[in-house]
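*Asks:* With the input below, show me the fold.
(one chain, ligands or ions: 2)
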Amino acid sequence: MGKPSLAARLKAGEFILSGWSQLSDPLATEAIAAAGFSAICIDCQHGYAGYEGMKANVLACAAGGAAPIVRMPHGDYAFAARALDMGAEAVIAPMINSLEDAHRLVEATRYPPVGERSWGPARMMHVWGMDKDAWAREGNTLQLVFAMIETEAAVAAADAIAGVDGVDGLFIGPADMSLSASRGGLVDPDAASVLAGMDAVAAACKAHGKLATGYAQTPKLADAYRARGFRLVCCGSDYGFVREGARAALEKFSG
Ligand code: 3PY
Ligand code: MG
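*Replies:* Ligands and ions are numbered 1, 2, ... in the order given. The predicted structure is shown next:
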């Protein structure tokens, strides 16, 4: 791989805005990369990609020059390992609410001695130009693992989760975080509970030398993350881009 990895860019202090693939359309993913997003998250939890969609969109990221990130389906650790084997530079795991969840995640996604990820990196060795010994040494540091903090329980456990060896960072889900804090009363990514969750995650990541990251439904939220030292913010889905583009075109053409 000629370009610096996502891991290297983040560890060097770069702030990265990532796009978001919900539609599982490789052409849309490639277009988002061409527009300048240097990373794109393929959402396999609430987006429409299954395994084949994930595969096609990882390749589309490569074609468009963006780092592929995969949000795995909730609790599907086998899928996470397959996404890493396919070429995800980072995996985002939804609903990591406890130390036990974090250990389960690490077990599936990290090679020994950190975890128990099973060996099968044929494509990865090719992409990174490494032989098996080099990949066994480097794989755990070239591919990132993020634990999603998106419930009250997860916020309470954020410090413990950030302290787990093999977890590279925490990733906030503001919609679920506000839903959990309000006991189902509201979904408001800009809610005070989300800002408090951001502070807790920023402090936990700082204490353990990990990366604070998150999803931003609005530009205001992206700014709030950035002000707190978050380094990777996912925003702007393909679905939203199509809807907003269509709305703007209607306004323009209807005079
Ligand atoms: C949330 O806001 O809950 C998310 O999972 C972001 O996609
Ligand atoms: Mg969520």
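
*Asks:* Report the buried residues of stretch 138-147.
*Replies:* For stretch 138-147, burial by neighbour count (16 or more other Cβ atoms under 10 Å) applies to Gly139, Asn140, Leu142, Gln143, Leu144, Val145, Phe146, Ala147. To be clear about C-beta, it is placed using only N, CA and C from the backbone, and glycine gets the same treatment.

*Asks:* same question but for stretch 95-108, I mixed them up
*Replies:* Met95, Ile96, Asn97, Ser98, Asp101, Ala102, His103, Arg104, Leu105, Val106, Ala108.

*Asks:* how about JSON lines for these, with pLDDT, distance to ligand 2 and secondary structure added?
*Replies:* Output for those, formatted as JSON lines (pLDDT from 0 to 100; distance: Cβ to the ion, whole Å; DSSP: H, G, I helix; E, B strand; the rest coil):
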{"residue": "Met95", "pLDDT": "98", "distance to ligand 2": "7", "secondary structure": "coil"}
{"residue": "Ile96", "pLDDT": "98", "distance to ligand 2": "11", "secondary structure": "coil"}
{"residue": "Asn97", "pLDDT": "98", "distance to ligand 2": "12", "secondary structure": "coil"}
{"residue": "Ser98", "pLDDT": "98", "distance to ligand 2": "16", "secondary structure": "coil"}
{"residue": "Asp101", "pLDDT": "98", "distance to ligand 2": "14", "secondary structure": "helix"}
{"residue": "Ala102", "pLDDT": "98", "distance to ligand 2": "17", "secondary structure": "helix"}
{"residue": "His103", "pLDDT": "98", "distance to ligand 2": "21", "secondary structure": "helix"}
{"residue": "Arg104", "pLDDT": "98", "distance to ligand 2": "18", "secondary structure": "helix"}
{"residue": "Leu105", "pLDDT": "98", "distance to ligand 2": "16", "secondary structure": "helix"}
{"residue": "Val106", "pLDDT": "98", "distance to ligand 2": "20", "secondary structure": "helix"}
{"residue": "Ala108", "pLDDT": "98", "distance to ligand 2": "20", "secondary structure": "helix"}
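
*Asks:* so which of the residues you listed comes closest to His208?
*Replies:* Among the buried residues of stretch 95-108, Ala102 lies closest to His208 (Cβ to Cβ), at 11.8 Å.

*Asks:* so where is the stretch 101-250 of the chain shaky, pLDDT-wise?
*Replies:* For the stretch 101-250 of the chain, no stretch is flagged by pLDDT under 70.

*Asks:* Contact residues of it facing ligand 1?
*Replies:* Proximity of the stretch 101-250 of the chain to ligand 1 (Cβ under 6 Å from any ligand atom) is limited to residues Glu150, Gly173, Pro174, Ala175, Asp176, Tyr215.

*Asks:* and the gap between the residue nearest to the third one when sequence neighbours are not counted and ligand 2?
*Replies:* In space, not counting the residues next to it along the chain, Pro174 is nearest to Pro189; the distance is 3.7 Å by Cβ to Cβ, 6 or more residues apart in numbering. Pro189 sits 10 Å away from ligand 2, taking Cβ to the ion, to the nearest Å as the criterion.
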